[in-house]
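1. pasting the structure only:
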């Protein structure tokens with residue numbers, strides 16, 4: 001009996017793969033939060049020291065933003081596995097990845113400044129480039145899979 005891939009099977013496997021990637025990233029947010037602290041834009045970070053004034057978006061500290069991002073990724077990993085929530089979750093993952101793309105642009109801008117190194121610029125440019133296919137991947141999971149009606153082939157018609 002030959003095995004055939006349906007659109008639904010392909011989408012389920014794709015959602016499971018993206019879910020695993022998000023879950024691994026979420027775990028990294030809690031295991032090594034220092035990797036992500038520098039990627040949070042200054043405009044979003046609350047300054048409790050009183051040295052800088054807080055803007056309207058500065059509601060959390062850098063560490064809190066990293067934790068919230070990790071929790072959102074873990075929740076999205078679960079949401080992608082549930083067919084009933086997959087479409088909405090995929091749209092949210094694409095939007096979150098778009099926001100992270102903006103954060104990466106900010107980090108790349110800072111790495112291109114006087115304090116940045118060529119290694120930082122290369123690393124952040126690569127990570128920036130990886131967000132575009134991630135957005136496309138998440139967006140592709142929004143499309144509902146249509147049922148395909150099988151038609152008899154020539155051999156079945158001759159019977």
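-> That came through fine. If you're wondering where the values come from, they're calculated on a predicted model, not measured in any experiment.

2. low-confidence stretches in the chain?
-> 1-5, 145-159 (pLDDT under 70).

3. residue boundaries of the helices in it?
-> Listed in chain order, the helices of the chain (DSSP state H) span 7-31, 34-37, 62-81, 83-111, 118-140, 154-158.

4. which of those helices has the highest mean neighbour count?
-> Mean neighbour count (mean count of other Cβ atoms under 10 Å) peaks for helix 62-81 among the helices of the chain, with a mean of 18. Every C-beta, even on glycine, is put in place using the N, C-alpha and C of the backbone.

5. which elements pack onto that helix?
-> When contacts are defined as 3 or more Cβ pairs under 8 Å, 6 or more residues apart in numbering; DSSP states H and E, helix 62-81 sits against helix 7-31, helix 34-37, helix 83-111.

6. chain center to that helix: distance?
-> With Cα atoms, centre = their mean, to the nearest Å as the basis, helix 62-81 stands 10 Å off its chain's centre.

7. quick one: residues contacting the closest residue to residue 93 other than its chain neighbours.
-> Of all residues beyond its chain neighbours, the one nearest residue 93 is residue 138 (4.0 Å), with distances taken as Cβ to Cβ, 6 or more residues apart in numbering. The contact partners of residue 138, by Cβ atoms under 8 Å, 6 or more residues apart in numbering, come to 18, 90, 91, 93, 94, 97.
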